[in-house]
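Engineer: Predicted model and sequence below, questions to follow.
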Amino acid sequence: MKRKLLLVAAEPREFRGILRRSNAPQGLQWPVWFARRAELNGATLLMVANGPGAKLAGDAVEFALYESRPDAVISVGFCGALDPALKPGDIVVATEVAAGDGAWKAVPPVVSGRRFHSGRVLTLDRVASLRDKQKLAGSASAVEMEAAAVAERAARLGVPFSSVRAVMDGAGQDFFLDFNKLRDPGGRFSRILILKAALAQPRRALPELVRLERQGRIAARALGEFIADCRF
């Protein structure tokens, strides 16, 4: 029987590289921000993105697990490096994901010949600033915002959990814009608020947005290439 894999990200753009390598993508009428079904490597992928943070990711996982009963749940998307050796586009496969209220083991995928880093991944409730990264240095390989919530829901229902992340920002990279203040009432990053903030100080903010868009494309491409070589 064909395996069914639930992939959970924060934003649709994190799926770009995976979708490019998938077959027969189609939209799903699920009550989340983004949901697609596709085929890859003989498995059915169910891809959901509902915004950043534990609550939005947890809501999406609970619905998807109830609706689809997948064989495995994989937290995917971008991350910030805590290890200074990591650069944008590097892949981090979690051995464990941790948040303030617990830690969960992650099942590594079977990978055919593609390089990656493995280690502990921390979940924060905010975008990690340079100060955050410096405080957390040495405690994990990378930091992101959803994996622990995804892992907790998967464990509660007894579904195997994995986490594969592509580095977007390096350990020494800070943000001029405070993205934690640029979210809509539902918790998602607001393009309108980000644009207004950038236009208020364009000389510093606009180059940062261009750089982050470039790093996001690098990370999405690397994530798609890696997932296409994995078996979960």
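Structural biologist: Received, thanks.
Engineer: what about the closest residue in space to Asp184 that isn't next to it in sequence, neighbour count?
Structural biologist: Using Cβ to Cβ, 6 or more residues apart in numbering and skipping the chain neighbours, the partner closest in space to Asp184 is Ser190 (4.3 Å). C-beta: built from backbone N, CA, C; applies to glycine. Look at Ser190: counted by other Cβ atoms under 10 Å, it has 17 neighbours.
Engineer: Arg165 too?
Structural biologist: Using other Cβ under 10 Å, Arg165 has 32 other residues around it.
Engineer: Using the three-state scheme, assign the residue nearest the centre of the chain.
Structural biologist: For the chain, the residue sitting closest to the mean C-alpha position, by Cα atoms, centre = their mean, is Gly77 at 2.4 Å. For Gly77, the secondary-structure state derived from DSSP: H, G, I helix; E, B strand; the rest coil is strand.
Engineer: Tell me how far the helix or strand of the chain with the lowest mean pLDDT lies from the chain's centre.
Structural biologist: Every helix and strand of the chain was ranked by mean pLDDT, DSSP states H and E. The lowest is strand 110-111, at a mean of 91. Here the centre of strand 110-111 is set off from its chain's centre by 19 Å, with Cα atoms, centre = their mean, to the nearest Å.
Engineer: residues in contact with Ser190?
Structural biologist: Leu182, Arg183, Asp184 (Cβ atoms under 8 Å, 6 or more residues apart in numbering).
Engineer: now it: how far from Ser75?
Structural biologist: Using Cβ to Cβ, to the nearest Å, Ser190 is found at 23 Å from Ser75.
Engineer: again with Glu213
Structural biologist: Glu213 is 23 Å from Ser75, by Cβ to Cβ.
Engineer: elements contacting the helix or strand Val97 falls within?
Structural biologist: Element membership of Val97, judged by DSSP states H and E, is strand 91-99. Contact here means 3 or more Cβ pairs under 8 Å, 6 or more residues apart in numbering; DSSP states H and E; on that basis strand 91-99 packs against strand 72-81, strand 102-105, strand 117-123, helix 147-156, strand 161-169, helix 202-228.
Engineer: Got phi/psi on the residue nearest to Gln173 when sequence neighbours are not counted?
Structural biologist: Counting by Cβ to Cβ, 6+ apart, Gln173 lies nearest to Leu130, which is 7.0 Å off, once chain neighbours are set aside. Phi and psi for Leu130, reported as degrees, to the nearest 10, are phi -60, psi -40.
Engineer: List the contacts of Leu130.
Structural biologist: Residues counted as contacts of Leu130 (Cβ under 8 Å, 6+ apart) are Gly172, Gln173, Asp174, Phe175.
Engineer: Pipe those into a markdown table and attach neighbour count per row.
Structural biologist: Shown next, in a markdown table, are these (neighbours: other Cβ atoms under 10 Å):
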| residue | neighbour count |
| --- | --- |
| Gly172 | 10 |
| Gln173 | 19 |
| Asp174 | 13 |
| Phe175 | 16 |
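Engineer: what's the closest of those residues to Gly42?
Structural biologist: Distance to Gly42, by Cβ to Cβ, is smallest for Gln173 among the contacts of Leu130, at 37.7 Å.
Engineer: Pull up the gap between the closest one and Pro88, please.
Structural biologist: Applying Cβ to Cβ, the value for Gln173 to Pro88 is 9 Å.
Engineer: Give me the contacts around the least confident helix or strand of the chain.
Structural biologist: With Cβ under 8 Å, 6+ apart as the test, strand 110-111 has contacts from Val93, Phe226, Asp229, Cys230, Arg231, Phe232.
Engineer: I am finished for the moment; much appreciated.
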